[in-house]
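Engineer: how would this look folded up:
(chains A and B)
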Amino acid sequence: MRPVFLTVEKKDSRSGARAGVLHTPHGNILTPAFVPVATKADIKGIESAKFESLGMQTFISNTYHLYLSGLDAVEQGGGLAKFMNWKGPTITDSGGFQVFSLGTGFGKKISKFTPEELPSEKSSDLLGYRHGQTFPQKVLPAFYDEDLASSHGKLAIIDDEGVSFTSHLDGSLHRFTPERSVEIQHRLGADIFFAFDQCTAPTDPYEFQKDAMERTHAWAKRSLRAHRQNLDADRTQGIYGIGQGGQFDDLRRESARTIGDMGFDGFGLGGSFSKKYGDHSLESALTMLTELPSDLPVHGLGVGEPEDILLGIAHSVDTFDCVTPTRNGRNGGLYTSRGKIQIPNAQYQYDYTPLDEGCECPTCLNHTRSYIHHLFRTREILGPILASMHNIFFLTNLCKKAREAILNDEFEQFKDSFLEKYRN
RNA sequence: GCGUCGGUGGUAGAGUGGUCAAUUACACUUGGCUGUAAACCAAGCGGCUUCGGCCUACGGAGGUUCGAAUCCUCCCCGGCGCA
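Structural biologist: Predicted coordinates:
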């Protein structure tokens, strides 16, 4: 028996939607489920004691950030969950997204580095590099790229072996490989973690996507092998493989088949689905679902707008993580059943109704729009906190209601009526 | 009363003859945020506009000058000092 597996309770008769139970060593996750992001072992502004009241069943933290600061403390503190005083399931992401967001995904610049552009040193010299050590001086120039340096002074360089990058915190040089990412994630000790991948933007061209996809496949194999070699971790942690392919359906299908056949405990829908890349980047990624083993749990990485979550559910995605509730919340954007609102806007100054009529989150049960508006205007820290709490509840509740609808075999109806109201 | 320094857009505060409808910050108005270098970022912020400009503005009124927020005179208001 694997440490993580899905049992499907009910399949919708008119769509691919399904309701299930994702079993983990620290408890079950009822799916579909929304998974808030706790990048650095905290959901910004919200302590773990509040999680349950927000409808949360789990959360996802980040390998890249925790590796740069706090890894030893987390490990010695008994792992991510215990460290945070959380009893339920936990998830970590591999750091693959940062390879993208700190590298080619930064701004609009696209750069690709071939192995011959890399340092002449054998890659083994670069492996095992630890935070705090000094990188060999002679390889430094090879890591410096004028083009990228001018835009953010930092760099992530990809080669087939792994990724070299500079810390966004202090500029120090580091190296991630699939093996290293897995090792760190073993030390973080989450119930579910992800294989190291190369994320791309949907707008990247075919050859680039194909290259990244094939590299991701090779890294997936290595991530899985590294996991199997740690017998203890393999018994207590589940590993998800990630598929890529950008907007190209043939690549997406190939990626799903390849990753789906490797023996992972779950599948991560890889990519970046921001609207700035167009309106259909998620749809092409969803073509992957038709190629996967039917009982394999599927996670949508970075899928967090209500429309996208419902679209994902309709295609049998089980879990979703995203920064949307927390980042939008901190910046004053609130989800309501009638669409998003900007609470700092003037029109809410004397609006003494709840953020969302009928919402049962801790924020709405106790406070008015006027109050939240006031907290944002005065830049009080409570504003972003209450807003984040509401937004998290909104999305976990959306998934909860979708689950109930699926169990009642009325998902399509639920989805349509939600969207009609949400879009006004 | 005398002397002195100063009065600039919602606020603070630059500018001190033309490149000024006026730097900058805050405030204000509105956008954006999809595996978090984001409690962040961006745009706008006198009126009108056929978008080329036009009009009204730097305490008030005059004046010098081709040209004044900037120089001069008087008035009003404020700070400080001396009576």
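Engineer: and A:I29, what does it touch?
Structural biologist: Residues in contact with A:I29 (CB atoms under 8 Å, 6 or more residues apart in numbering) are A:V21, A:L22, A:Q57, A:T58, A:P89, A:T319. C-betas here are computed from N, CA, C, even on glycine.
Engineer: that one and RNA strand B: what is the separation?
Structural biologist: The gap separating A:I29 from RNA strand B is 16 Å, by CB to the nearest atom of the strand, to the nearest Å.
Engineer: does that residue sit in a helix, a strand or a coil?
Structural biologist: In three-state terms, and counting by DSSP: H, G, I helix; E, B strand; the rest coil, A:I29 is strand.
Engineer: partner residues bridging it?
Structural biologist: Note on A:I29: beta-bridge partners A:L22, judged by DSSP bridges.
Engineer: where's it relative to A:F59, distance?
Structural biologist: Noted for A:I29: a distance of 11 Å to A:F59, by CB to CB, to the nearest Å.
Engineer: returning to that earlier point: pull the most distant pair out of the contacts of A:I29.
Structural biologist: Largest separation among the contacts of A:I29 by CB to CB: A:V21 and A:T58, giving 12.8 Å.
Engineer: between those two, which one's more packed in?
Structural biologist: Using other CB atoms under 10 Å as the criterion, A:V21 and A:T58 rank with A:T58 on top: 26 against 16.
Engineer: phi, psi of that one?
Structural biologist: Main-chain torsions, A:T58, degrees, to the nearest 10: phi -160, psi -180.
Engineer: tell me the mean pLDDT over the biggest helix by length in chain A?
Structural biologist: Determined from DSSP state H, the single longest helix within chain A is helix A:382-407. Average pLDDT, helix A:382-407: 98.
Engineer: near RNA strand B, anything from it?
Structural biologist: Yes - residues of helix A:382-407 are located near RNA strand B by CB under 7 Å from any atom of the strand, namely A:P384.
Engineer: so is the residue of the stretch 51-200 of chain A found nearest RNA strand B in a helix, a strand, or just coil?
Structural biologist: Closest contact between the stretch 51-200 of chain A and RNA strand B, by CB to the nearest atom of the strand, is at A:C199 (2.3 Å). State at A:C199, reduced to three classes by three-state DSSP: coil.
Engineer: burial of it, as a residue count?
Structural biologist: A:C199 has 24 neighbours, counted by other CB under 10 Å.
Engineer: surely it touches A:G270?
Structural biologist: Yes - A:C199 is within contact range of A:G270, at 5.9 Å (criterion: CB atoms under 8 Å).
Engineer: identify the contacts common to the two.
Structural biologist: Going by CB under 8 Å, 6+ apart, residues that sit against A:C199 and also against A:G270 are A:G96, A:Q244.
Engineer: how much space between A:G245 and A:I259?
Structural biologist: To A:I259, A:G245 is 10 Å away according to CB to CB.
Engineer: so those two - more neighbours on which side?
Structural biologist: Counted by other CB under 10 Å, A:G245 and A:I259 do not tie: A:I259 has more neighbours, with 30 against 27.
Engineer: tell me the spacing between that one and RNA strand B.
Structural biologist: Distance, A:I259 to RNA strand B, using CB to the nearest atom of the strand: 12 Å.
Engineer: give the contact list for that residue.
Structural biologist: With CB under 8 Å, 6+ apart, A:I259 has these contacts: A:H217, A:A220, A:G241, A:I242, A:G243, A:F267.
Engineer: am I right that the fourth one sits in a strand?
Structural biologist: This points to A:I242. Yes - counting by three-state DSSP, A:I242 is part of a strand.
Engineer: flag every residue of the stretch 251-400 of chain A that's near RNA strand B.
Structural biologist: The stretch 251-400 of chain A has residues A:268, A:270-276, A:282, A:301-305, A:308, A:321-324, A:326-328, A:330-333, A:342, A:344-347, A:377, A:379, A:381, A:384 near RNA strand B, with proximity defined as CB under 7 Å from any atom of the strand.
Engineer: just the buried ones from the residues you listed?
Structural biologist: Among those, those classed as buried by 16 or more other CB atoms under 10 Å are A:268, A:270-273, A:282, A:301-305, A:308, A:321-322, A:324, A:326-328, A:330, A:332-333, A:344, A:384.
Engineer: hang on, the earlier thing: any idea which helix or strand comes after the longest helix of chain A?
Structural biologist: Downstream of helix A:382-407, the next assigned helix or strand under DSSP states H and E is helix A:411-422.
Engineer: got a list of contacts for that following helix?
Structural biologist: Residues outside helix A:411-422 that contact it (CB under 8 Å, 6+ apart) are A:12, A:14-15, A:17, A:306-307, A:310, A:313-314, A:337-339, A:398, A:401-402, A:405.
Engineer: repeat that for 10 Å
Structural biologist: Contact partners of helix A:411-422, identified using CB atoms under 10 Å, 6 or more residues apart in numbering, comprise A:10-19, A:32, A:306-307, A:310-311, A:313-314, A:335-340, A:398, A:401-406, A:408, A:410.
Engineer: that helix vs helix A:382-407, what angle?
Structural biologist: 150 degrees (axes from the mean of the first three to the mean of the last three CA atoms, to 10 degrees).
Engineer: how distant is helix A:411-422 from the center of its chain?
Structural biologist: Put simply, helix A:411-422 sits 25 Å off its chain's centre (CA atoms, centre = their mean, to the nearest Å).
Engineer: those helices in the stretch 51-200 of chain A, which residues are they?
Structural biologist: For the stretch 51-200 of chain A, applying DSSP state H, counting those that start in this stretch gives helices covering A:63-68, A:71-76, A:80-84, A:96-99, A:123-126, A:146-152, A:178-188.
Engineer: for the third one, name the packing helices and strands.
Structural biologist: In other words, helix A:80-84. The helices and strands touching helix A:80-84, judged by 3 or more CB pairs under 10 Å, 6 or more residues apart in numbering; DSSP states H and E, are strand A:60-62, helix A:71-76, helix A:178-188.
Engineer: please name the bridge partners of A:F267.
Structural biologist: Counting by DSSP bridges, A:F267 forms beta bridges with A:G241, A:V298.
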